[in-house]
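Peer 1: Here is my input, please return the structure:
(chains A and B)
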Amino acid sequence: MSSPVVTRFAPSPTGFLHIGGARTALFNWAYARRHGGRMLLRIEDTDRQRSTEPAISAILDGLLWLGLDWDGAPLSQFARAARHREIAEELLRRGRAYRCYCTAAELEAMRERAAAAGLPQRYDGRWRDRPESDAPTGVAPAIRFKAPSEGETIIEDQVLGRVVFHNRELDDLIILRSDGTPTYNLAVVVDDHDMGVTHIIRGVDHLTNAARQSQIYEALDWPVPVMAHLPLIHGPDGAKLSKRHGALGVDAYRDMGYLPAAMRNYLARLGWSHGDDEIFSTEQLVEWFDLEHVGKSPARFDFAKLENLNGHYMRATADDALLAAFVAFLSHAPGGAAMLARLDDDARARLRLALPGLKERAKTLVELKDQAGFLVAERPLPLDDKARAILDGDGREVLTALLPVLEQTAWTAPALEAAVKSFAEARGFKLGKLAQPLRAALTGSSTSPGIFDVLVALGREESLSRLRDQAA
RNA sequence: GCGCCCUUCGUCUAGAGGUCCAGGACGCGGCCCUUUCACGGCUGAAACACGGGUUCGAUUCCCGUAGGGCGCACCA
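Peer 2: Below you'll find the predicted structure:
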């Protein structure tokens, strides 16, 4: 095989694709692409209670929106339960697993006793060496892995380095539930092996699992994949990411008006670096990505930086592409439908004209939407407080005087600018004194893009009639 | 509680024993540009958690301490 690297992203479909998962997927994706390998997708849906169909599509949609694709069809872990059971039996045959007849209540009591005594809460191995003849009747057994009780299990982690676990710290975990369904650690090992996964890149929350899984690989005489555990993403306060921070689905970021390219760039930079490079394309990411430069410490999610980066991408995106992205954004963004409904071909053409000026100051698509509102707003134009104050001042007077000048001017930005400038000079005004009421009357807002671009974008008739409305 | 992991400006990070009185980016302050807001340019404040070692020399290696995180389910 010429492309030996196989990575996988293995979310459990119990909710949306959150930001940490998105980054894990990105790293797996980048690593696979970097090495000309494949990234597989596996849905860890063995928990039938919590796994849902909507969650699966939310995750797939999230990946697609982010621009991350995978190789082959997504694999359902649940569908492979028979194979997992088969391997559990194999472990039993090899003497590396045993049946445990403990009841839930018994295990609970065991944990409570350990906690009360200040001891580690582990299974005490009471069925480990007990003969089957002791089996109580009427109790369906679970199958436990017979973990080595001495020595150490070592993970040569590509991010963390060598991590040593003392085997006495790791108890005999259940690999097959009493109802015959596999448990996470068994399923993961079997699937990763069967799928030919060579590199496991996931969050550090799986580090302990890595040790247990490594033991299972060894018991099966299977090669252990290369492992890399990524530090988690924290909230701005350093604590766990909560809903009010960034623990949102990627769809929430989409609705906040962030561009996928900016998200990719930001996420890649969170915990990974390539020297001092801050802004880089996805192609560069693929070219540069490595595990050596993934940091070991958790990173805090910083919206301010994401926003700044998004601004860069807004400006860097070609007008037509940005327009397309914006229209797509409107179709699902809160309040976007109303604007979309008013965005006929005519309005779209104006928007396209105004875009170069608009995108300079919009850091997100949401801001773009707000700032482009005047292009499709119904008349009479709603005015914000500041715009109203300007017009209620001497704004109307200025407009009235300026109107005839505009009516006689060629309708291009430079011509309009020249005309307004010479008018200002003749009157002894500062340009701002003219620009402010113009802007207020045309956009209903005191903060907006270049006023001459606005005039052009709106078109001669629309502009003049709006100005007449407000001057009257 | 037990185990494991982490620790450079407020934040993301560069740094792989001398090149570091620690560099970049975001954010923040100032100045410039400017009709507003942005953009851009210049500039300022801002960090090697603490304590021991090792070494001629530690941000960089080792050991503690403190702080933080993750894990400890018949969840994944």
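
Peer 1: tell me the residue furthest from the middle of chain A?
Peer 2: A:A426 (55.5 Å; C-alpha atoms, centre = their mean).

Peer 1: Against A:P334, how distant is that one?
Peer 2: Distance from A:A426 to A:P334, counting by C-beta to C-beta, to the nearest Å: 47 Å. For the C-beta atoms, the positions are set from N, CA and C on the backbone; glycine is no exception.

Peer 1: Show me where the stretch 1-150 of chain A dips below the pLDDT cut-off.
Peer 2: Across the stretch 1-150 of chain A, the ranges flagged by pLDDT under 70 are A:1-3.

Peer 1: Which positions in it make contact with RNA strand B?
Peer 2: The stretch 1-150 of chain A has residues A:12, A:44-47, A:50, A:77, A:100, A:102-104, A:107, A:111, A:118-123, A:140-142 near RNA strand B, with proximity defined as C-beta under 7 Å from any atom of the strand.

Peer 1: which SS class is the residue farthest from the centre of chain A?
Peer 2: For A:A426, the assignment made with DSSP: H, G, I helix; E, B strand; the rest coil gives helix.

Peer 1: Can you list the low-confidence ranges for the stretch 351-472 of chain A?
Peer 2: Scanning the stretch 351-472 of chain A for pLDDT under 70 picks out the ranges A:446-449.

Peer 1: Helices along that one, start to end?
Peer 2: Assigned by DSSP state H, counting those that start in this stretch, the stretch 351-472 of chain A shows helices spanning A:365-376, A:385-390, A:396-407, A:413-427, A:431-443, A:451-458, A:460-471.

Peer 1: Now distance to A:L232 too, for those, in TSV please.
Peer 2: Below are the helices of the stretch 351-472 of chain A laid out as TSV (distance: least, C-beta to C-beta, whole Å):
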stretch	distance to A:L232
helix A:365-376	28
helix A:385-390	44
helix A:396-407	57
helix A:413-427	50
helix A:431-443	44
helix A:451-458	45
helix A:460-471	52
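
Peer 1: Distance to RNA strand B added to those helices, as a markdown table?
Peer 2: Listed next are those as a markdown table, based on distance: least, C-beta to the nearest atom of the strand, whole Å:
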| stretch | distance to RNA strand B |
| --- | --- |
| helix A:365-376 | 9 |
| helix A:385-390 | 9 |
| helix A:396-407 | 13 |
| helix A:413-427 | 7 |
| helix A:431-443 | 3 |
| helix A:451-458 | 5 |
| helix A:460-471 | 15 |
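
Peer 1: Figure out which of those is closest to A:A147.
Peer 2: Checking these against A:A147 by C-beta to C-beta gives helix A:365-376 as the closest, at 51.5 Å.

Peer 1: sorry, back to before: do you know which of the helices of the stretch 351-472 of chain A lies nearest A:L207?
Peer 2: Closest approach to A:L207 among the helices of the stretch 351-472 of chain A (C-beta to C-beta): helix A:365-376, 37.7 Å.

Peer 1: can you map out the strands along chain A?
Peer 2: With DSSP state E as the criterion, chain A has strands at A:6-9, A:38-43, A:75-76, A:97-100, A:142-145, A:152-157, A:161-166, A:174-176, A:199-203, A:226-230, A:233-234, A:299-300.

Peer 1: Just list what the third one packs against, helices and strands only.
Peer 2: To tie it back to what came earlier, the one meant is strand A:75-76. Counting contacts by 3 or more C-beta pairs under 8 Å, 6 or more residues apart in numbering; DSSP states H and E, strand A:75-76 is packed against strand A:38-43.

Peer 1: Check the offset of the strand it packs on from the chain's centre.
Peer 2: Its chain's average C-alpha position is 17 Å from that of strand A:38-43, according to C-alpha atoms, centre = their mean, to the nearest Å.

Peer 1: what sits up against that strand?
Peer 2: A:3, A:5-13, A:28-29, A:31-33, A:51, A:56, A:59, A:63, A:68, A:70-72, A:74-77, A:191, A:195, A:197 (C-beta atoms under 8 Å, 6 or more residues apart in numbering).

Peer 1: Now that we have those residues, which of them are buried?
Peer 2: Neighbour counting by 16 or more other C-beta atoms under 10 Å classes A:5-13, A:28-29, A:31-33, A:51, A:56, A:59, A:63, A:68, A:70, A:74-77, A:191, A:195, A:197 among the contacts of strand A:38-43 as buried.

Peer 1: so which residue of the stretch 251-400 of chain A comes closest to RNA strand B?
Peer 2: Nearest residue of the stretch 251-400 of chain A to RNA strand B (C-beta to the nearest atom of the strand) works out as A:S297 at 2.8 Å.
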